[in-house]
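S.K.: 3D model of this:
(one chain, ligands or ions: 1)
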Amino acid sequence: MDKAKKPWIDISVPIRDAMVHWPSDPPVSIRRVKDIEKGDTANLSVISMGVHSGTHVDAPIHFVKEGKGVENIPLDTVVGRARVIEIRDPESIKPEELVGHHIRGGERILFKTENSSHVWQKYEFVEDFVFISDAAADFLVDSGVRLIGIDYLSVGSFKHSGSYVHKTVNRQRKWATSGRRRSTSNETALRLAL
Ligand SMILES: [Zn+2]
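M.R.: Residues are numbered from 1 along each chain as shown. Predicted structure coming up:
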């Protein structure tokens with residue numbers, strides 16, 4: 001098939017009622033409040049959830065008091081060529097593993113970790129998901145990447161506090177995206193539209 005005509009693949013996590021969410025965040029709730037089956041003229045649903053649910057983008061304001069909101073995200077940050085890097089470390093993403101991938105300034109990087117194989121099938125929150133280590137956050141910001149994505153609910157650790165990673169990335173006006181469902185192979189180039 002012509003490369004340019006390959007269909008788009010949805011790598012986002014479907015939002016569903018009672019889906020897994022960050023433990024201290026509000027739950028995800030989807031309720032139908034108008035229903036044709038019940039005599040209403042239209043179907044209408046109400047969604048209630050934290051904005052840090054499912055596949056989402058972290059805005060700088062998430063961890064930086066005077067940071068900008070997601071409405072300020074430059075569109076070319078989230079649309080364009082991206083590289084999927086497969087991470088073998090089952091604990092965290094570390095600079096030692098990143099060095100060999102020769103990350104260049106301006107790249108959009110999506111990490112495929114062990115998370116992808118199991119975390120989204122569960123309703124319970126997975127505490128020991130693979131996260132970006134503090135040193136890797138520094139490494140990535142120093143590399144000048146444009147966007148970093150990971151395949152669970154946070155770029156930072158649950159058990160060891162993810163504050164440093166969030167602040168490092170958010171302060172540098174880098175944009176982080178969390179919660180991708182799947183990615184194809186080890187090292188793939190793709191076009192991304194968030
Ligand atoms: Zn976050």
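
S.K.: all helices for the chain, in order.
M.R.: All helices of the chain, identified by DSSP state H, fall at 75-78, 95-98, 134-143, 163-171.

S.K.: For residue 163, see how far away the most far-flung residue of the chain relative to its centre is.
M.R.: Ranking residues of the chain by C-alpha distance from their mean position (CA atoms, centre = their mean) puts residue 39 at the top, at 39.7 Å. Residue 39 sits 51 Å away from residue 163, going by CB to CB, to the nearest Å. From N, CA and C alone the C-beta is placed, and that goes for glycine too.

S.K.: same deal with residue 128?
M.R.: Computed as CB to CB, the residue 128 to residue 163 distance reads 18 Å.

S.K.: Tell me the confidence at the closest residue to residue 124 other than its chain neighbours?
M.R.: The shortest distance from residue 124 to any non-neighbouring residue, by CB to CB, 6 or more residues apart in numbering, is to residue 20 (6.7 Å). Residue 20 is assigned 92 on the pLDDT scale.

S.K.: if I pick residue 20, what's in contact with it?
M.R.: When contacts are counted by CB atoms under 8 Å, 6 or more residues apart in numbering, residue 20 touches 119-120, 122-126, 153.

S.K.: Determine which two of these are furthest apart.
M.R.: Farthest-apart pair in the contacts of residue 20 is 123 and 153; separation 13.2 Å (CB to CB).

S.K.: follow-up on the earlier one: so which of the helices of the chain gets nearest the ion?
M.R.: The ion lies closest, by CB to the ion, to one member of those: helix 163-171, at 5.6 Å.

S.K.: for the closest one, packing partners?
M.R.: Judged by 3 or more CB pairs under 8 Å, 6 or more residues apart in numbering; DSSP states H and E, the packing partners of helix 163-171 are strand 56-58, helix 134-143, strand 175-178.

S.K.: go again using 10 Å as the cut-off
M.R.: Packing contacts for helix 163-171, counted by 3 or more CB pairs under 10 Å, 6 or more residues apart in numbering; DSSP states H and E, involve strand 56-58, strand 131-132, helix 134-143, strand 147-150, strand 175-178.

S.K.: which outside residues touch the shortest one?
M.R.: Pointing back at strand 131-132 there. Here strand 131-132 makes contact (CB atoms under 10 Å, 6 or more residues apart in numbering) with 87, 91-94, 98, 111, 113, 115, 137, 139-140, 148, 150, 152-160, 162, 164-166, 168-169, 176, 178.

S.K.: and the ion, which of these contact it?
M.R.: Contacts with the ion within those, counted by CB under 5 Å from the ion: residue 154.

S.K.: Much appreciated, bye for now.
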